[in-house]
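Trainee: Sequence first, then the predicted structure:
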Amino acid sequence: MFYKAIELDPDFSAAYAAAAVCFTQRIGFGWIANREKEFAEAIRLARRAVQLDKDDASALCVAGLALAGAGVLDDDAAFLDRALFINPNVAMGWSVGGWIKLWLGEPDQAIERFAHAMRLSPIDPITFYAQEGMAHAHFFAGRHDEAVSWAKMALRELPDSHGGLRIAAASCALAGRDDEAQMLTARLLEIDPALRASKLQKVLGPYRQPEHPAKYADAFRKAGLPE
């Protein structure tokens, strides 16, 4: 549908940005058929969105999210910096910025950004996105009980979120909540039967620190995810 919008209006920057994010969502759910081709298309769409309207803070944020999902963290950070310069009150920008900090291996800085996003928009319909980010940040910082709390908040907003179930299961496993971890993993496998610990990287973000996805996979093995 976004491609149809682009066909009708080739200069509609928001449509390019939103189409790019669809590819990011496919990454997060492990739905990608051709990783290299789809990453390239997400990057093309995101950069075209920014080229068409460099002063639309929302489009810059969404394009930045797509680039981050495709692993282009440096360009993504530049786009977000511009978006927040244009409009420092755009909550999505702070949430996306939190994920970038997380993927760069800076969980405490990520927490600051997620918290700021939630202060700016406390009843945002995508609050779960920042809450999942908080859960991941605490998980990688070694605060597993706090990670569980944030993951459960996110799941109350969106009970079948792939990302929420993942981080909840992994956090419970390392917090010693084995029964909860196994229940969450079982639910995740109902949603995504093909998910495996050895293939977890396909649904994770572009972590710069290799120990982070390794920790995630080890926690999932403890939670009962098949190898």
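Mentor: Perfect, thanks for sending it.
Trainee: ok, longest helix in this structure?
Mentor: When the chain is parsed with DSSP state H, its longest helix is helix 35-52.
Trainee: Mind checking the pLDDT average for whatever helix or strand comes next after it?
Mentor: Using DSSP states H and E, the next helix or strand after helix 35-52 towards the C-terminus is helix 57-69. Mean pLDDT, computed over helix 57-69, is 77.
Trainee: same question, stretch 168-183
Mentor: The average pLDDT for stretch 168-183 rounds to 96.
Trainee: Please identify the buried residues of that stretch?
Mentor: By neighbour count on 16 or more other Cβ atoms under 10 Å, the buried set for stretch 168-183 is 168-175, 177, 180-183. Quick note: C-beta positions are derived from backbone N, CA and C, even for glycine.
Trainee: still on that earlier bit, how about the longest helix of the chain: buried residues?
Mentor: Neighbour counts over helix 35-52 (16+ other Cβ under 10 Å) mark 38-39, 41-50, 52 as buried.
Trainee: And this structure, split by domain according to the record?
Mentor: Here the domain parsing of the chain from automatic domain parsing is 1-88, 99-227.
Trainee: what's the least confident stretch among the ones you listed?
Mentor: domain 1-88 (a mean of 82).
Trainee: Pull the distance from that one to the chain's centre.
Mentor: 14 Å (Cα atoms, centre = their mean, to the nearest Å).
Trainee: That one: end-to-end distance?
Mentor: Using Cα to Cα, to the nearest Å, one end of domain 1-88 lies 30 Å from the other.
Trainee: need the contact list for residue 224.
Mentor: Applying Cβ atoms under 8 Å, 6 or more residues apart in numbering to residue 224 gives the contacts 181-182, 185-186.
Trainee: and if you look at residue 128?
Mentor: Going by Cβ under 8 Å, 6+ apart, residue 128 touches 153-155, 157-158, 161, 164.
Trainee: Need phi/psi at it.
Mentor: Note on residue 128: backbone dihedrals following degrees, to the nearest 10 are phi -60, psi -30.
Trainee: Could you report the separation of it from residue 197?
Mentor: Using Cβ to Cβ, to the nearest Å, residue 128 is found at 24 Å from residue 197.
Trainee: returning to that earlier point: ok, of the contacts of residue 128, which one's closest to residue 107?
Mentor: Distance to residue 107, by Cβ to Cβ, is smallest for residue 154 among these, at 16.2 Å.
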